[in-house]
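J.: Coordinates for the following, if possible.
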Amino acid sequence: MGSAARVLRLVHEAGPITRAEVTRRTGLNRSTTLTLVGELVDLGLLHEELPTAGSPGAGVGRPSPVVRAAADVVAAAVTVEIDAVSVALVGLDGTVRARLVAPQDRPPTASEAVETVAALLDGVRHPADGDDPAVPTATGDDPAVPTPTGAPTALRLVGIGVAVPGTVRVEDGTVQYAPHLGWHDEPLAGPLTARTGLPVRAANDANLGAWAERLGGSGRGVDDLVYLNGGASGIGGGVITGGRPLSGADGYAGELGHTFVAANGVRCHCGAVGCLETEASRDTLTAATGTPPDDLEALAAALAECRPEVERVVDRQVAALATALRNAIHTVNPEVVVLGGFLGVLLDHVGDRIVDDVRAQSMTGMTDRLRIVPAALGRDVLVHGAAEIAFRDLLRDPARIAAAVPATLPTTTSGPTTTSGRPAAAEEARPA
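T.: Predicted coordinates:
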């Protein structure tokens with residue numbers, strides 16, 4: 001990695017940072033930092049500004065300029081679930097610029113997912129005359145994504161990252177097995193590149209979630225971390241060890257949802273018996289509480305009622321989760337365990353009980369520094385994780401910005417409509 005790439009990655013991951021701090025953290029001399037930042041500013045990848053009064057870098061004497069990553073250089077972060085295909089445009093500065101959602105009435109096939117993503121992106125990259133420069137939109141209700149006003153915002157789109165709930169061969173983006181989607185040995189990155197003309201990387205969703213939480217969530221700055229997320233596609237896991245993602249020979253490492261936790265458990269779709277995913281199930285928990293599967297706030301409120309029949313389900317799921325975490329802790333010795341989705345709700349409900357149960361089952365010393373915390377990035381965890389793999393080539397070689405393609409944010413928000421030539425599945429979107 002060249003020095004310019006080191007500077008770009010630092011600013012991208014650390015957020016707005018003074019030029020003096022860039023010099024300190026990289027070990028470069030001041031004149032080299034000045035030159036490199038200037039080159040990256042000329043490429044449109046970084047911006048410089050004087051610090052405001054009272055902010056870091058605004059002390060006595062000549063203030064050091066604040067360097068920030070560009071918001072208009074974006075990656076398309078794709079998430080494929082059993083009920084929706086989503087595309088978010090994420091700026092190099094970490095802001096979510098737009099969110100396009102295509103609901104599905106059944107799990108999409110791989111080819112359908114490719115066509116849906118391409119249709120969503122076509123609406124952003126090639127708006128028809130007189131149309132909003134995006135696919136048809138539903139009324140924006142996402143407080144994290146402001147509705148734009150004024151003139152269309154020009155963006156530079158550098159690539160696509162795809163988060164898949166299954167095992168993904170990282171070198172070519174082939175989905176080896178995504179059980180909830182019903183995919184077996186499905187090429188994904190190659191067909192999506194052919195359809196869009198953009199570089200595409202695909203990876204397991206929980207591995208991407210682990211990295212996102214490590215960069216900007218509950219595990220920020222932690223070099224040894226285990227991440228577990230419970231959602232529509234079961235329980236996925238990811239591991240960071242020594243500051244690097246644990247991927248394994250083919251990218252399949254981290255399948256903690258299939259950790260063995262119960263000898264008398266039910267048979268899992270993977271063929272085994274007693275997997276964590278079957279013993280701690282979102283569907284079982286929401287069925288007991290009578291709450292919608294995707295409404296975590298309603299689940300938390302129902303758990304707070306502490307009904308005996310619900311608490312019996314909670315007890316079984318906490319016991320299974322503690323056993324799975326004991327296995328992971330004895331294997332990788334993390335400093336932090338991050339729980340997302342319904343597992344994070346379960347953690348909030350039972351408090352220290354999970355960590356107490358884990359410690360009761362673990363070897364002396366293994367859990368002395370252990371923290372078990374809820375995920376901080378919420379529904380955006382996979383968005384940021386997928387964006388990171390889409391930015392990977394640019395962060396290694398900033399000159400790749402020359403290959404970025406133009407895109408345009410929508411300027412208004414409108415009700416859902418139908419546009420000919422686009423799949424019906426792509427008719428709902430939320431603009432930023």
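
J.: Hmm, L256 and C275 touching each other?
T.: No - here C275 lies out of contact with L256, judged by C-beta atoms under 8 Å, at a distance of 9.7 Å. The C-beta positions use only the backbone N, C-alpha and C, and glycine is treated the same way.

J.: okay, the two: which has more neighbours?
T.: C275 (27 against 24; other C-beta atoms under 10 Å).

J.: Please report phi then psi for the more buried one.
T.: Torsion angles at C275 (phi, psi; degrees, to the nearest 10) stand at phi -70, psi 150.

J.: Outside of the stretch of helix or strand V337 belongs to itself, list whatever touches it.
T.: Assigned by DSSP states H and E, V337 belongs to strand 336-341. Residues from elsewhere that reach strand 336-341, judged by C-beta atoms under 8 Å, 6 or more residues apart in numbering: 209-210, 213, 217-219, 222, 224-231, 282, 296, 325, 328-329, 346-347, 370-375, 377, 381.

J.: Doesn't G251 belong to a strand?
T.: No - counting by DSSP: H, G, I helix; E, B strand; the rest coil, G251 falls outside a strand, being coil.

J.: Report the contact partners of the residue lying closest to it once chain neighbours are set aside.
T.: Closest residue to G251 apart from its sequence neighbours, by C-beta to C-beta, 6 or more residues apart in numbering: V170 at 3.5 Å. Applying C-beta under 8 Å, 6+ apart, we find V170 in contact with 201-203, 247, 250-251.

J.: hmm, 10 Å instead?
T.: By C-beta atoms under 10 Å, 6 or more residues apart in numbering, the residues touching V170 are 189, 201-204, 207, 245, 247-248, 250-252, 389.

J.: Restricted to buried residues, select these in PyMOL.
T.: Typed into PyMOL, the line below selects the buried ones among these, using 16 or more other C-beta atoms under 10 Å:
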select buried, resi 189+201+202+203+204+207+245+247+251+252+389
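
J.: The contacts of V170 in helices, which ones?
T.: Residues of the contacts of V170 located in helices (DSSP state H): 189, 207, 389.

J.: Closest to D356 out of these?
T.: The nearest member of the ones in helices among the contacts of V170 to D356, counting by C-beta to C-beta, is N207 at 28.3 Å.

J.: What separation is there between that closest one and P245?
T.: Using C-beta to C-beta, to the nearest Å, N207 is found at 6 Å from P245.

J.: P293 contacts E81, correct?
T.: No - P293 is not in contact with E81 according to C-beta atoms under 10 Å; the separation is 11.6 Å.

J.: higher neighbour count, these two?
T.: More neighbours surround E81 than the other of P293 and E81, with 22 against 16 (other C-beta under 10 Å).

J.: pLDDT value on that one, please?
T.: E81 is assigned a predicted lDDT (pLDDT) of 89.

J.: Roughly how far does the residue lying closest to it once chain neighbours are set aside sit from S218?
T.: Nearest in space to E81, with sequence neighbours left out and distances taken as C-beta to C-beta, 6+ apart, is A232 at 5.4 Å. Taking C-beta to C-beta as the measure, A232 falls 21 Å from S218.

J.: same deal with N29?
T.: Using C-beta to C-beta, N29 is found at 36 Å from S218.

J.: For those two, work out which one has more neighbours and name it.
T.: Using other C-beta under 10 Å as the criterion, N29 and S218 rank with S218 on top: 23 against 10.

J.: Just confirm that one contacts A375, I think it does.
T.: Yes - counting by C-beta under 10 Å, S218 touches A375, with 5.8 Å between them.

J.: Spit out the residues that contact these two alike.
T.: Applying C-beta under 10 Å, 6+ apart, one finds that S218 and A375 are jointly contacted by 227, 338-340, 344, 381.

J.: Same list (those) but as JSON lines, adding distance to A407.
T.: Listed next are these as JSON lines, based on distance: C-beta to C-beta, whole Å:
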{"residue": "Y227", "distance to A407": "30"}
{"residue": "V338", "distance to A407": "32"}
{"residue": "L339", "distance to A407": "35"}
{"residue": "G340", "distance to A407": "29"}
{"residue": "G344", "distance to A407": "33"}
{"residue": "V381", "distance to A407": "23"}
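
J.: Now do H184 against Q176, distance only.
T.: Going from H184 to Q176 by C-beta to C-beta gives 8 Å.

J.: Likewise for P293?
T.: Using C-beta to C-beta, we find P293 at a distance of 26 Å from Q176.

J.: again with A298
T.: Separation of A298 from Q176 (C-beta to C-beta) stands at 35 Å.

J.: And for the residue nearest to the spatial centre of the chain, nearest residue in space, chain neighbours not counted?
T.: When C-alpha atoms, centre = their mean is applied to the chain, the residue found nearest the centroid is L382 (1.9 Å). Among residues not flanking L382 along the chain, A163 sits closest, at 4.4 Å (C-beta to C-beta, 6+ apart).

J.: Of the shared contacts of S218 and A375, just the buried ones, ChimeraX syntax please.
T.: Per 16+ other C-beta under 10 Å, the buried members of the shared contacts of S218 and A375 correspond to this ChimeraX selection:
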select :227,338,339,340,344,381
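
J.: Can you convert the shared contacts of S218 and A375 into TSV and add a column each for pLDDT?
T.: Formatted as TSV, the shared contacts of S218 and A375 follow (pLDDT from 0 to 100):
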residue	pLDDT
Y227	94
V338	94
L339	94
G340	91
G344	93
V381	90
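
J.: re the thing from before, joint contacts of N207 and P245?
T.: Any residue near both N207 and P245 by C-beta under 10 Å, 6+ apart counts here, and that gives 170, 238-239, 251, 253-254.

J.: Now flag whichever of the residues you listed is closest to P103.
T.: Nearest to P103, judged by C-beta to C-beta, of the shared contacts of N207 and P245 is G238 at 26.4 Å.

J.: my guess is the closest one is in a strand, correct?
T.: Yes - counting by three-state DSSP, G238 is found in a strand.

J.: Low-confidence ranges, the stretch 301-432 of the chain, go.
T.: Applying pLDDT under 70 to the stretch 301-432 of the chain picks out residues 410-432.
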